[in-house]
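K.L.:
how would this look folded up:
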Amino acid sequence: MDLKIRRMESTYIIDAQGDMDLYNSTELRKVFMKMLEKKVERLILNFEAVEYIDSSGIGTLIFICSTSKRANMKLAIAQVHGAVKKAMQLTKLLGYFPITEDLTSALDMVRD
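P.N.:
This next block holds a predicted model:
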């Protein structure tokens, strides 16, 4: 998994690319923890280029969502599609995650 971090005003966006599985989901967790240390208030995970997720990846997303809520960080997950969206539907977690269709909607979600 390749992760690129960019900033739009006061919102950080992590562009993820590749599979989010047992072998690399910890990378996203590490980057998220660095964001917490920096006291980031708004974060978007852009999953436009993520094609696959396994239970480890789902677990990482659950950790990120629950931790961000406790830290009062506004979080959105943008552009979930294909097998990733299907995995979230099968695990009945699609409604748990703050998912938006596109980056514009995600930016609106974290600004509110």
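K.L.:
going forward, measure contacts between C-alpha atoms and count neighbours the same way
P.N.:
Fine.
K.L.:
pLDDT weak spots in the protein?
P.N.:
Residue ranges of the chain with pLDDT under 70: none are present.
K.L.:
Tell me which residue lies nearest the centroid of it.
P.N.:
Leu45 (3.4 Å; C-alpha atoms, centre = their mean).
K.L.:
isn't that residue right next to Gln17, touching?
P.N.:
No - in this structure Leu45 lies outside contact range of Gln17 using C-alpha atoms under 8 Å: 10.7 Å.
K.L.:
before we move on, the earlier item: and the residue nearest to the centre of the chain, what does it touch?
P.N.:
13-16, 75-78 (C-alpha atoms under 8 Å, 6 or more residues apart in numbering).
K.L.:
And the nearest residue to Glu101 once chain neighbours are set aside, how far from Leu93?
P.N.:
For Glu101, ignoring the flanking residues on the chain, the nearest one in space by C-alpha to C-alpha, 6 or more residues apart in numbering is Gln79 at 5.0 Å. Using C-alpha to C-alpha, to the nearest Å, Gln79 is found at 16 Å from Leu93.
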